[in-house]
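Visitor: Sequence first, predicted coordinates after that:
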Amino acid sequence: MNILVCLSNVPDTTTRIKLAADNSKVDLSGIQWVINPWDELALTRALEIKETTGTLVGKVSVAMVGKTEVEPTLRKALAIGADDAFRVDLDPADAFQVAAELAGLIKANPYEIILCGIESSDYNGSMVGGMLSELLGYTSISSVSSLSLQDGKVALTREIDGGKETISVSAPLVAIVQKGIAIDPRIPSMRGIMASRTKPLSVLASCGSPSLTSFGNFSLPVPKSACRMVDAENVPELVRLLHSEAKVI
Amino acid sequence: MSVLVFIEHREGKFHKGAFELVSYASRIANDMGTSLVALSLGDVPSDELSKAGAYGAGKVLNVNDSRLSQLDNAAWTKVIEQAVQQESATVIVMASGFTGKAIAPRLSARLRAGMVAYATAVPSSYNPFTVRKKTFSGKAFSDVVINTPVRIITLAPNAFGVHEAPVTAEVKQFTPSVTDADFTTKVESSEKFSGKVLLTEADIVVSAGRGMKGPENWGPIEELASVLGAATACSRPVADEGWRPHTEHVGQTGKVIAPNVYFAFGISGAIQHVAGISSSKVIIAVNKDPEAPIFSVADYGIVGDVQKVLPQLIQSIKEVKAQ
Ligand SMILES: Cc1cc2nc3c(=O)[nH]c(=O)nc-3n(C[C@H](O)[C@H](O)[C@H](O)COP(=O)(O)OP(=O)(O)OC[C@H]3O[C@@H](n4cnc5c(N)ncnc54)[C@H](O)[C@@H]3O)c2cc1C
Ligand SMILES: Nc1ncnc2c1ncn2[C@@H]1O[C@H](COP(=O)(O)O)[C@@H](O)[C@H]1O
């Protein structure tokens, strides 16, 4: 079986967000782009599974919907260890368009296990994986914190509100993964970086999927007023403030 | 036309999160001049179901089918789709938490209904249908326009509050047509962290970081949480090092929360941490370093040693509570 990891390209988590002068978009100048943290963990887990299950997994591929500027991120995924990469040549307008393009790709190139991240840390949709599973008619499991292959089935753990569940399902499936799926993301080795240059990266034309939503204006959170400091020797004063000024306890 | 709100129960009871969703959906239904229908799956007594009326749901549908007692994304999506059709719903509201993440996007693709996740307010305009949401992990907001006749919104936790708007709720059983073949998810076992306040729903959260030095020092954190009826949380390294369970990790890669009150003990306030807590109404920080970035997002602060401050804080809160 083959595994496909869907990647999204996001600003480094330390990025401070600035807006363009007319607030119509985020100012992307000078941003450092990285693989979405959950997708990086998903890729790491896919590679671990491939390496520890003998010949069960044929290949681990990565896919991203984006224009040429996302290619360094795909090359990084190849350097980490993915066997090949797809880029659908489209600057997506929303999550549905991403999902529909990925569904087109998967119909033409079938995969048994598809991994998506729980959300991309830029537009925070938490949508692509679920939409993709529906468009493909596949089982989806979300908030997945562990995944392994067992006796021809896929064993997963999912985190539910106030607990967790152990689940077994048959492939094909879309697993929407979160923290825990792998401990630390793999980083590319020197050899991986060399090898990534010659690994296949196919560019596919968009299949013309529609979008359902569009982004209007952006805004930034209102800055907080200065912090009110209380002396460490006078802890009851803090409690008094919380009780009679903030009225929260 | 109607607005449909999907609400969840725990052991047959609705909690604050469900009532907040009904309140939010009721406001939308009001703005649109239409009625509100609540949908709940599972074994919920009818007097509990009718409680949704207090927040504006004129009709409450309940599906009592034991096959639906465990989340099956595809099957639940199909059930909600049928309710949407029966009620001619044009707006569907869900929570942005675990179930919303699992179901709402599937429903969106199935109905070709545009979706906004982590909405922070009711639509600012109904034509075009525009909803504000969090982006960049809470570092920005954006106004998203949904361009389809049916729309799905998932509400960020604690973004709207619970508001009473009493109507008499008509409680009805709803019997969707699902077959065994619709169920593909087999739950082998489950583990519940019971008895505690749910972190994403909590009014007060007591959180601590690496400044606590080790798991053995968490006693006062738990005591303070219990005195306040609060949930406990932690920074990422604390969860990574196994001092606390992963379910407590808040921040950009953990849970995003918005309690009324957030206590940060020995947390430096890294940008990824703050991304998960910045919507809290009041933030209180205790840190020995006056330069710690947490003080730039906090409302109240103490520069001091957590080990010394905590016992005094607990003592003093107990006194206030006793009054
Ligand atoms: C991709 C990525 C994602 C991340 N996501 C998250 C996330 O979701 N959530 C998150 O929390 N972090 C996240 N991080 C990590 C983040 O960058 C910080 O490293 C982390 O938040 C620091 O945790 P801390 O504040 O507990 O520890 P530290 O930064 O070590 O801070 C400890 C603080 O305790 C204070 N202190 C020490 N002793 C005492 C004492 N006796 N009394 C009072 N104060 C004391 C110190 O002054 C210091 O400010 C992420 C990082 C990356 C790279
Ligand atoms: N442009 C994209 N190309 C491929 N996969 C994507 C893209 N955007 C998002 N994804 C996948 O969908 C997940 C959730 O993204 P989102 O729905 O945008 O929060 C990500 O973690 C990726 O796995």
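Guide: Perfect, thanks for sending it. On a predicted model such as this, the values are computed, not experimentally measured, just so you know. Ligands and ions are numbered 1, 2, ... in the order given.

Visitor: Helices of the stretch 51-200 of chain B, residue ranges please.
Guide: B:73-86, B:98-111 (DSSP state H, counting those that start in this stretch).

Visitor: Now do the SS call for B:Asp31.
Guide: When classified by DSSP: H, G, I helix; E, B strand; the rest coil, B:Asp31 comes out as helix.

Visitor: Can you tell me how far it is from B:Ala25?
Guide: 11 Å (C-beta to C-beta, to the nearest Å). To be clear about C-beta, it is placed using only N, CA and C from the backbone, and glycine gets the same treatment.

Visitor: swap in A:Ala103?
Guide: Distance, A:Ala103 to B:Ala25, by C-beta to C-beta: 30 Å.

Visitor: re the thing from before, what about the helices of the stretch 51-200 of chain B, which gets the closest to ligand 1?
Guide: helix B:98-111 (16.6 Å; C-beta to the nearest ligand atom).

Visitor: Which residue would be the closest one in the stretch 51-200 of chain B to ligand 2?
Guide: Closest to ligand 2 within the stretch 51-200 of chain B is B:Pro105: 7.2 Å, counting by C-beta to the nearest ligand atom.

Visitor: so how many other residues sit close to the nearest residue to that residue once chain neighbours are set aside?
Guide: Leaving aside its sequence neighbours, B:Pro105 sits nearest to A:Gly130 (C-beta to C-beta, 6 or more residues apart in numbering or on different chains; 2.9 Å). Look at A:Gly130: counted by other C-beta atoms under 10 Å in any protein chain shown, it has 30 neighbours.

Visitor: so what does the helix or strand where A:Gly130 lies touch, helix or strand wise?
Guide: Assigning secondary structure by DSSP states H and E places A:Gly130 in helix A:128-136. Under the contact criterion of 3 or more C-beta pairs under 8 Å, 6 or more residues apart in numbering or on different chains; DSSP states H and E, helix A:128-136 touches strand A:3-6, helix A:95-108, strand A:113-117, strand A:139-150, strand A:173-177, helix B:73-86, helix B:98-111.

Visitor: could those go into TSV alongside mean pLDDT, distance to B:Asp203 and mean neighbour count?
Guide: Formatted as TSV, these follow (pLDDT from 0 to 100; distance: least, C-beta to C-beta, whole Å; neighbours: other C-beta atoms under 10 Å in any protein chain shown):
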stretch	mean pLDDT	distance to B:Asp203	mean neighbour count
strand A:3-6	98	37	28
helix A:95-108	98	32	23
strand A:113-117	98	30	28
strand A:139-150	97	24	22
strand A:173-177	98	29	28
helix B:73-86	98	29	21
helix B:98-111	96	20	26
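
Visitor: export the ones you listed to TSV and tack on distance to A:Leu238?
Guide: Formatted as TSV, the helices and strands packed on helix A:128-136 follow (distance: least, C-beta to C-beta, whole Å):
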stretch	distance to A:Leu238
strand A:3-6	47
helix A:95-108	43
strand A:113-117	40
strand A:139-150	37
strand A:173-177	41
helix B:73-86	45
helix B:98-111	35
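
Visitor: re the thing from before, in this model B:Asn73 seems to touch the residue nearest to B:Pro105, though I could be wrong.
Guide: Yes - the criterion here is C-beta atoms under 8 Å, and A:Gly130 meets it with B:Asn73 at 7.2 Å.

Visitor: Name all residues that make contact with B:Leu107.
Guide: By C-beta atoms under 8 Å, 6 or more residues apart in numbering or on different chains, B:Leu107 lies in contact with A:Glu134, B:Thr77, B:Ile80, B:Glu81, B:Val84, B:Ile92, B:Ala113, B:Ile152.

Visitor: So for the third one, what's the nearest residue that isn't a sequence neighbour?
Guide: Okay, so that is B:Ile80. Nearest non-adjacent residue to B:Ile80 (C-beta to C-beta, 6+ apart): B:Leu107, at 5.7 Å.

Visitor: what's the angle between the longest helix along chain A and strand A:173-177?
Guide: Longest helix in chain A by number of residues (criterion: DSSP state H): helix A:37-52. Put simply, helix A:37-52 runs at 120 degrees to strand A:173-177, going by axes from the mean of the first three to the mean of the last three C-alpha atoms, to 10 degrees.

Visitor: Using CSV, write out every CA atom in the helix or strand following helix A:37-52.
Guide: Proceeding N to C from helix A:37-52, the next assigned helix or strand is strand A:60-65, under DSSP H and E. Extracted C-alpha coordinates of strand A:60-65, given in CSV (Å, rounded to 0.1, in the frame of the first residue of the first chain):
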residue,chain,number,x,y,z
VAL,A,60,5.4,7.6,0.8
SER,A,61,4.4,10.6,-1.4
VAL,A,62,3.7,14.2,-0.5
ALA,A,63,1.3,16.6,-2.2
MET,A,64,0.6,20.3,-2.0
VAL,A,65,-1.7,22.6,-3.9
